[in-house]
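[1] Take this sequence and fold it.
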Amino acid sequence: MDSFNDPEIEESVICKSTQIGGTEGANNMVGYIIEQDPSPTMIVYPTIDLAEWTSKNRLKPMVDLCPKLKERYHEGESKLLELQFDGMFIALSGANSPSSLASKPVRFVIMDELDKFPLSSGKEADPRKLAIERTRTYPTSKKIIKISTPTRKANPIWQEWESADDQRRYYVPCPHCGHHQTFKFKQIKWPKESTAEEAQATAYYECEECKGMIMDSHKQTMIISGKWISERKTGTRKTAFHINAIYSPWLKFGDIAYEFLKSKDFPELLMNFVNSWLAEPWEQTDVKLNSDLVLERQSEYDEGVVPDGTQLITAGVDVQRGYFYYTIRAWGTSMTSWNIAHGQAETWDQIESIMNYPFEDRYGNQYQVNLCAVDSGDRTDEVYEFCVINQEWAVPVKGSSRPLQSRYSMSTIEKVDSKAYGMRLYMVDGGQYKDMIAGRLNRPNGTGSWMVYKGCDRDYAEQICAEEKVIEKKGGIEVEVWRPKSSHAANHYLDSEVYAALAADLLHVRYLQFNNKEQQEQRPKPQPQSNFIKQESSWIQQRGRWLR
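    The predicted model follows:
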């Protein structure tokens, strides 16, 4: 707030963790503008839907509850996305909506969750630039506020932090020695070998100077006595602030330790911890991703054998013009998974037979595919018809042409003349699932790993590694994308595994719980495995492998 009133500061950048009060801070700025410095204002959110939600649930209630703001509010002249006040208006916009970023001259621009903005706004330019252009009418008095949780180093908020003239962090005094320091995750201590629950109960903060134990009871006084200190300053025009979740008055040091221990073994959860709790950008380490690595993930189980600990089985089908690639993957707790079969089929009947095949574990217990995700990008009508006929275990999916905020989104098939009219269609962000697969492939065999069956073939392994992550520039922003390593590289099994992983997400694979010990002890003893390859089915034996 002090920087907002500083005439020498034109841009303020807030790089923050989630739930630390960043949006509320922006709302306070809005309240100040309304009462003390009425001027046209634009607030930009990632989507127009979020802008509408914020107007209804955050800004309007704030105005109603504050008499000074309410007496300046012109309710009869206001709309959901344009609030009118004495001498000013507030336009609420979505970065995904060009019309909402239209030419409204404004003095103040606040951009909330910058890293979630799309790279372009429809056919228009970068929405960040469009918003900033609205301030041209106020060359000497404009204020631009950029707020976001970071994602990657190359993405906007971290680039804004890096390019700031003045970088500030919040320093708090040690209650024992008085040394001022920033809260750092590495200084949170707990006994080695502790479970997440034990760490949550015992964690404390260690002063980096005197090594004194700082307890949760000290934290509030430390924060009240703290101050923003410049760590690098070459000017003041653009000032940036960084703050993480350790400062939150609602979180204990043990809560941070607990979240880390629950996340550390799972790349996608660890990424969220780094971004949303530490307010740091996630940097994928140099991932070793080649066919040798895939073959190193061979388990003790033969092809077609359901591994111990399996709780559900999913499948993915990549549809080509004259044939299909499929994978079948077993899932256990902690996102542990095993490919138990993969191959090619030539007809829909063959796919249906494979998905209804009674797979067995080494005790003779039978399993079938719980859910199969079928690519609808090609032969779309056939896919829809197949999924309608087999809707109890098959769903149509389609790769998204743009990055999604989550791994997948849900839409509805609107082709009126299709039997699938009204059926759910899942759009999948293949890049996010490939990140997950790459991360888990680099985990050794065991809990949380992404494994294959014993004797897995090299062709499958090569296809899983047919793509690599590269940095490309889109709309002036560096983004990481998955691209084929060569123009002729086949990646059908990789796509199939993406679909199988989506199917697992739809079945809430993250929330699988361990079977109790008594149930495991009651399992029958292993019996000699029967020959899994069925000689009587001619199509199963194609290319000399099961289900090929």
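[2] CA atoms for contacts and neighbours, from now on please.
    OK.
[3] Quick one: residues contacting the residue nearest in space to the middle of the chain.
    Residue closest to the mean C-alpha point of the chain, counted by Cα atoms, centre = their mean, is residue 406 at 5.5 Å. Going by Cα atoms under 8 Å, 6 or more residues apart in numbering, residue 406 touches residue 429.
[4] run the last query once more with 10 Å
    Applying Cα atoms under 10 Å, 6 or more residues apart in numbering, we find residue 406 in contact with 428-429, 432.
[5] Sort the residues you listed by pLDDT and name the bottom one.
    In terms of pLDDT, the lowest of the contacts of residue 406 is residue 432, showing 91.
[6] quick check, nearest of the contacts of residue 406 to residue 44?
    Of all the contacts of residue 406, the one with the least separation from residue 44 (Cα to Cα) is residue 429, at 24.7 Å.
[7] any idea where the strands of the stretch 101-250 of the chain begin and end?
    When assigned using DSSP state E, counting those that start in this stretch, the strands of the stretch 101-250 of the chain occupy the ranges 108-112, 143-148, 166-173, 180-181, 188-189, 204-206, 213-214, 227-233, 238-243.
[8] Can you tell me which of those strands is packed in deepest?
    Ranked by average neighbour count under the criterion mean count of other Cα atoms under 10 Å, the strands of the stretch 101-250 of the chain are headed by strand 108-112 at a mean of 25.
[9] Quick one: list the elements packing against that strand.
    Other helices and strands packing on strand 108-112, by 3 or more Cα pairs under 10 Å, 6 or more residues apart in numbering; DSSP states H and E, are strand 11-16, helix 22-36, strand 41-45, strand 88-94, helix 127-133, strand 143-148.
[10] So what's the gap between the first one and the chain middle?
    Between the mean C-alpha point of strand 11-16 and the mean C-alpha point of its chain there is a distance of 22 Å (Cα atoms, centre = their mean, to the nearest Å).
[11] Just the angle for it relative to strand 238-243, thanks.
    Inter-element angle recorded for strand 11-16 and strand 238-243: 10 degrees (by axes from the mean of the first three to the mean of the last three Cα atoms, to 10 degrees).
[12] circling back: who wins on neighbours among the contacts of residue 406?
    Neighbour counts for these were taken using other Cα atoms under 10 Å; the highest belongs to residue 428, with 25 neighbours.
[13] Who is it paired with across the strands?
    Bridge pairing for residue 428 (DSSP bridges) gives the partners residue 399, residue 408.
[14] Might you list the low-confidence residue ranges for the stretch 151-300 of the chain?
    Residues of the stretch 151-300 of the chain that meet the criterion pLDDT under 70 lie in 284-289.
[15] now the helices for it?
    Ranges of helices in the stretch 151-300 of the chain, per DSSP state H, counting those that start in this stretch, are 156-162, 196-202, 216-224, 253-263, 267-272, 291-296.
[16] Would you mind giving those helices as JSON lines with mean neighbour count and distance to residue 411 added?
    JSON lines is the format used below for the helices of the stretch 151-300 of the chain (neighbours: other Cα atoms under 10 Å; distance: least, Cα to Cα, whole Å):
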{"stretch": "helix 156-162", "mean neighbour count": "21", "distance to residue 411": "29"}
{"stretch": "helix 196-202", "mean neighbour count": "18", "distance to residue 411": "38"}
{"stretch": "helix 216-224", "mean neighbour count": "15", "distance to residue 411": "46"}
{"stretch": "helix 253-263", "mean neighbour count": "20", "distance to residue 411": "30"}
{"stretch": "helix 267-272", "mean neighbour count": "18", "distance to residue 411": "24"}
{"stretch": "helix 291-296", "mean neighbour count": "18", "distance to residue 411": "34"}
